[in-house]
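> coords below, sequence missing:
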């Protein structure tokens, strides 16, 4: 047990996962399937149901459009103290997103997260499990969020597919 804790601590400090170490080396979100996959190499380690932004179709264009972005990003900051049960920030917007928003004359938005359920729910538990309800984030159950938190490290790549 001590060796496992030491290994996980070292990997967290290093900030990257390596295939075969028990951690995911990539996260893939398939918006049309409403699924998040944790991958180790080509192997799917775990999959989770997700809820997306209120307007889930298409790539995020601007702040307040309620879309979940599409593309390649990284997992960055981890927030224990958030309005939701745990949260891991996605590195949206990337340089391409900023350039697109600049061309459109809009703010690209930001603070896209993978997170659990609201700390202070305003709707029923059934609503949160059945509908897209975020402002553009990727929401999962609290149990799924614990797994995602434990099986990823900062800088883990995430691909969000249409």
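In hand now; what should we look at? Source: prediction; values computed, not measured.

> show residues contacting stretch 100-119.
The contact list for stretch 100-119 (Cβ atoms under 8 Å, 6 or more residues apart in numbering) reads 27, 36, 60-65, 68-69, 75, 79, 82-90, 92-93, 97-98, 125, 128, 136-142, 144-145, 148, 158. For every residue, glycine as well, the C-beta is placed using N, CA and C.

> what's the average pLDDT for it?
The average pLDDT within stretch 100-119 is 95.

> could you do stretch 135-142 as well?
In this model, stretch 135-142 has a mean pLDDT of 97.

> in PyMOL, how would I select just the buried ones from the contacts of stretch 100-119?
Those of those that count as buried under 16 or more other Cβ atoms under 10 Å are selected in PyMOL with:
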select buried, resi 27+36+60+61+65+68+69+75+82+84+85+86+87+88+89+90+92+93+97+128+136+137+138+139+140+141+144+145+148+158
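
> please name the strands paired to the longest strand along the chain in the sheet, noting orientation.
Ranked by residue count and defined by DSSP state E, the top strand of the chain is strand 71-79. Looking at strand 71-79 with DSSP bridges, its partner strands are strand 87-90 (antiparallel), strand 157-161 (antiparallel).

> could you dump those strands to CSV with mean pLDDT and distance to residue 111?
Compiled in CSV, these are given as follows (pLDDT from 0 to 100; distance: least, Cβ to Cβ, whole Å):
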stretch, mean pLDDT, distance to residue 111
strand 87-90, 98, 7
strand 157-161, 98, 15
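
> what are the boundaries of the helices in the chain?
Here the chain has its helices, by DSSP state H, at 2-14, 95-104, 125-130, 142-151.

> so what touches the shortest one?
Okay, so that is helix 125-130. 49, 51, 117, 118, 121, 133, 139, 141.

> redo that, cut-off 10 Å
Here helix 125-130 makes contact (Cβ atoms under 10 Å, 6 or more residues apart in numbering) with 49, 51, 116-118, 121-124, 133-134, 139, 141.

> thought residue 160 was touching residue 74, still the case?
No - under the criterion of Cβ atoms under 10 Å, residue 74 makes no contact with residue 160, lying 11.6 Å away.
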